Structures are given as structure tokens and as C-alpha cells.
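Q: structure, please.
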Amino acid sequence: MRDYPRKAGARFALVAFAIALGVTACDRDPEPEAVAVPGVDMDNRILYVGALNDQSGPAAELGRPFSLGLGTLIHRMNRGDTDLLPEGWRVRLVEHDHAYDPERVEAGFEDTHDEVLFYVSVFGSSPVMQLQPKLREHGIVAFPTSAFSGAAEHPYTPTVGTSYEMEGMRAMDWAVDHRGADALRAGVIYRDDEYGRDAYRGWLKGATHYGIEVLTEHAISPADDDADMADAIASLAEQDVDVVFLATLPPETVTVVTIADSMDYRPGMWIGSAPFMTERFFDHRMIDPALFENTYLVTGFPVWGDQTPVVRQFRESLETYTEGRIRPNTYILASYVWAQPAFEAFRRALASGDVSREGYLKALQSIDDLDLNGAFPDPLDFTTMPYRTATRMRVLYMDMDAGALVTVDDYAAPRSLEPVAAR
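A: Numbers count the residues shown, from 1 in each chain. Below is the predicted model:
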């Protein structure tokens, strides 16, 4: 079902998808004359795209599902089941595991950038930031599978969906709605990286909007051990913090709530930014469900149980692609959705007659009303710089009994985007 050939002379594995594609919706799109363009084989109608992912590092629990979701989309396109590419075109993916290591990020880019038209996925905020100068140098677009605000400020790293900063702001709205601004005792634990700091800034902006003091703030790094985490939990307990915002990755989230429970610290609410959890948390064989009582997630992305057209399409595609062997995982879905604007931009570039990297960027920046079958509450727009990020998110409850994310507050923009009311 999936083929993993090794490129001659390369140090890293390449993932190839070469299943026949036939799409009728774009039969009449004009095509440019064959030219030597990186990543575009006009004679054979093959588009080569890159992906720099984390499949073995600290974020692999998210990175591996992202890879699977991307493979599912490409499989669907190569079968001719979407209108994302004109008739007869196929996609091949050149994928590298950077393991969230800066040297491997650099090596992966150097090893692949001459072979691809664009990177459909660069996983992680830090790798995206690291590569931004090289992307500009080579004029190559890379879609971050990360939603930190700094990506949208760079023309070669277009952001899809809401930012982590927005999630932090929206999380504060939910906390205030349930505790009241006067009674809320707020704290935060966040990763000391672009993702964590972005979400943390949003939490602080929300607090400022309501005139709330954040009583404890703890930045964590991979070098921290359980004793460091215990110190952070002790500070939360000493300040009697009852709502804790988590901008962490799933392994860190489990560590936080497990140590907190062992110290008899159980706040009234844990609320996290999108990357802080996975559906693995619902596996009672692995994790005590009592650890996640009163736990909420803020996201602008679709989740597994949604009944929108794009999610139904995705589940059907995944069932075919994996022969029904995959358990629910929202990050597979997120990747499937996240990648689609990248291929829409290529379809437009091809129709315009310019599939150079410059032509691809121009086509991308012409997208102003992209509706992905209900994936987001608002159409995507890439016409402005900085890129316009979405602002509406919802709050979901982690229902440990049902083993599902349940919407408890529908899509809305953070109230801290509004002018501060007179007090």
C-alpha cells in the first residue's frame, strides 16, 4: 500500500506515492509547455513535493499521524478522487524524518529542496523558524504543520487555521466564563519554544483584557526532569491556582497531570492548546481517565467525530488507505486538511501557465475564498501579508467515559481581540 524506496546516494528515506490519478473537474485547465522546473515533471505529469516531519523525536506522537494523514490525501488524489489536481497528474512525496533535531532539519532540507516544487509539510514551530531564511533564499514555499504566529509573517510559510496565540486567548475566555474574572486564579505551563511561547502570549493577552493576574508561569524544556515538574506543580498548588493552561506536547501533558495527581493537586480545570493531547488519552489501558477530569481543548481545526463533508470524506479515504486498521486520531485528520491548500495553489499555477516557484507563490497568494468542505468555520484567504489567520475556535471537553472530544462552546473569536471595555 505504501512504498518506501531509497533515493540513490541519499542518506534519508524517500516516500513515493505513484498511484494513477484522473480528475475530470479540471479537464480544460491549460497547461504550460514542458520546462525544467524543480519538482514538476511535465512530460509524465508528476508533481514532487517535500515533507520534513518528526517521526522519531519528541513530537513523534503527533508527527507520525501527520505523515499518515498526508499519505491518505495523496493516495486519494492519485486515485483521481478529488479535484485538487488536473486530469492525469500524480503526486510523489519526498519525506525526511528530522526528529526535531536542528542538524537533521538542515540536512533534510539540503538533501531534498532541489527535488521538490514546495514543501507540503514542515512539522514543528522551531524547524519552520530555522528554515525561513533558506526558504526565502531558494524561493520555495513550505507549509508549516504548526500554527505559531511568526509563520504567517513570512511569505514562504503560509499558515492554515488559527494560531496558538489565538488559542491561548480563547482559552482565557472559557476560563472566565466558568470561573468569573474576579474569582479566577490562573496559571500556565508552556513549552519554551515557538509553539509554547506563542500560546503563552495569547493566555497573557486574554488575562490582560480581563484585568486578571496570572499567578504562576512555568516554561519547560526537554532537559527538565520530574523534579523540575514537581516544583512547577508545587507552585501552582501554593498559589491555589484553579485553572491551568497547558501549551505542552502529549508526553509532557501526561507527565504534568500524573505528577499533579501524585501530589494531590487537582485544579478545577486543565485547558490546553491544540497540540497538548491525542486520542491516546482515551485509552484507559494506558492512562487513568481520572487524570483528565475537567479537561478541555481549544482548537480551530476539525476533529474526528465531526460530521462535516470533509471529515466524512476523510474517514472513507482513511478506511480504504489503511484497510481499517487505524484508530481515531485527530492529527491524521488535521494533516489531511492542512495539506489541501498547497495542492490547490499548484492547480492554479498550472492553470495560469506558470509552475515555477515564483508562479506557485503567486498562485497561492491569489487564494481568497477557499472552502474545504466545511473544514473551517470561515474560508481560507492567502491574499494579505502577513497572511490572514483564522480567528474563530471552539472549546471541546475531553469526555473520558465516551472516549471522545465533545464540543461545549461553538466557534467564536477571542473577546480579547475586541477593544478593552472601560472598567
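
Q: which elements pack onto the helix or strand hosting Asp261?
A: Secondary-structure element containing Asp261, defined by DSSP states H and E: helix 250-262. Applying 3 or more Cβ pairs under 8 Å, 6 or more residues apart in numbering; DSSP states H and E, we find helix 250-262 packed against helix 60-78, helix 226-238. (Glycine included, C-beta is placed from N, CA and C.)

Q: can I get those in JSON lines with distance to Arg92?
A: Listed next are the helices and strands packed on helix 250-262 as JSON lines, based on distance: least, Cβ to Cβ, whole Å:
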{"stretch": "helix 60-78", "distance to Arg92": "8"}
{"stretch": "helix 226-238", "distance to Arg92": "43"}
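
Q: most tightly packed of those?
A: Neighbour counts (mean count of other Cβ atoms under 10 Å) averaged over each of those peak at helix 60-78, with a mean of 23.

Q: low-confidence stretches in the stretch 101-250 of the chain?
A: Under the criterion pLDDT under 70, no range of the stretch 101-250 of the chain is flagged.

Q: now the helices for it?
A: All helices of the stretch 101-250 of the chain, identified by DSSP state H, counting those that start in this stretch, fall at 102-112, 125-138, 164-179, 194-210, 226-238, 250-262.

Q: and the fourth one, what's buried?
A: By neighbour count, with 16 or more other Cβ atoms under 10 Å as the criterion, the buried positions of helix 194-210 are 194-207, 209-210.

Q: my read is that Thr389 contacts Tyr164, right?
A: No - with contact defined as Cβ atoms under 8 Å, Thr389 does not count as touching Tyr164 (10.2 Å).

Q: which one's more surrounded, those two?
A: Taking other Cβ atoms under 10 Å, Thr389 and Tyr164 do not tie; Tyr164 has more neighbours (28 against 20).

Q: quick check, that one in contact with Gly150.
A: No - counting by Cβ under 8 Å, Tyr164 does not reach Gly150; the two are 10.2 Å apart.

Q: still on that earlier bit, next SSE downstream of the helix holding Asp261?
A: Counting by DSSP H and E, the element after helix 250-262 in chain order, helix or strand, is strand 269-272.

Q: model confidence over that following strand, on average?
A: In this model, strand 269-272 has an average pLDDT of 98.

Q: which secondary structure elements does the helix or strand that it is followed by sit against?
A: Using DSSP H and E, the next helix or strand after strand 269-272 towards the C-terminus is strand 295-299. Judged by 3+ Cβ pairs under 8 Å, 6+ apart, strand 295-299 is in contact with helix 164-179, strand 269-272, strand 393-399.

Q: what's the shortest one in contact with?
A: In this case it means strand 269-272. 171, 174-175, 178-179, 242-248, 253, 257, 292, 294-298, 395 (Cβ atoms under 8 Å, 6 or more residues apart in numbering).

Q: which strands border it, and is each parallel or antiparallel?
A: Strand 269-272 has its sheet partners listed here by DSSP bridges as strand 243-247 (parallel), strand 295-299 (parallel).

Q: quick one: which of those strands is nearest Pro58?
A: strand 243-247 (14.6 Å; Cβ to Cβ).

Q: leaving out the residues flanking it, which one is nearest to Ala274?
A: Thr299 (4.2 Å; Cβ to Cβ, 6 or more residues apart in numbering).

Q: what's the local residue count around that neighbour?
A: Thr299 has 23 nearby residues by other Cβ under 10 Å.

Q: show me the beta-bridge partners of it.
A: Arg394.

Q: circling back to that earlier point, give me the angle between the helix holding Asp261 and helix 226-238.
A: Orientation of helix 250-262 against helix 226-238 (axes from the mean of the first three to the mean of the last three Cα atoms, to 10 degrees) gives an angle of 60 degrees.

Q: quick one, helix 250-262 and helix 194-210 angle?
A: 60 degrees.

Q: list the contacts of helix 250-262.
A: Contacts of helix 250-262 (Cβ under 8 Å, 6+ apart): 58, 61-62, 189, 191, 220, 226, 229-230, 232-233, 236, 246, 248, 266-267, 270, 272, 275-278, 280-281, 287-288, 290-292, 295.

Q: any quick ChimeraX command for the buried ones out of those?
A: In ChimeraX, a selection of the buried entries from the contacts of helix 250-262 looks like this (16+ other Cβ under 10 Å):
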select :58,61,62,189,191,220,229,232,233,236,246,248,267,270,272,275,276,277,278,281,287,291,292,295
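
Q: returning to what we had before: mind checking pLDDT for the residue nearest to Ala274?
A: 95.

Q: so it touches Ala390, yeah?
A: No - using Cβ under 8 Å, Thr299 makes no contact with Ala390, being 10.8 Å away.

Q: thinking again about what came up before, wait, which of the helices and strands packed on helix 250-262 is closest to Leu405?
A: Smallest distance to Leu405 across the helices and strands packed on helix 250-262 (Cβ to Cβ): 15.0 Å, for helix 60-78.
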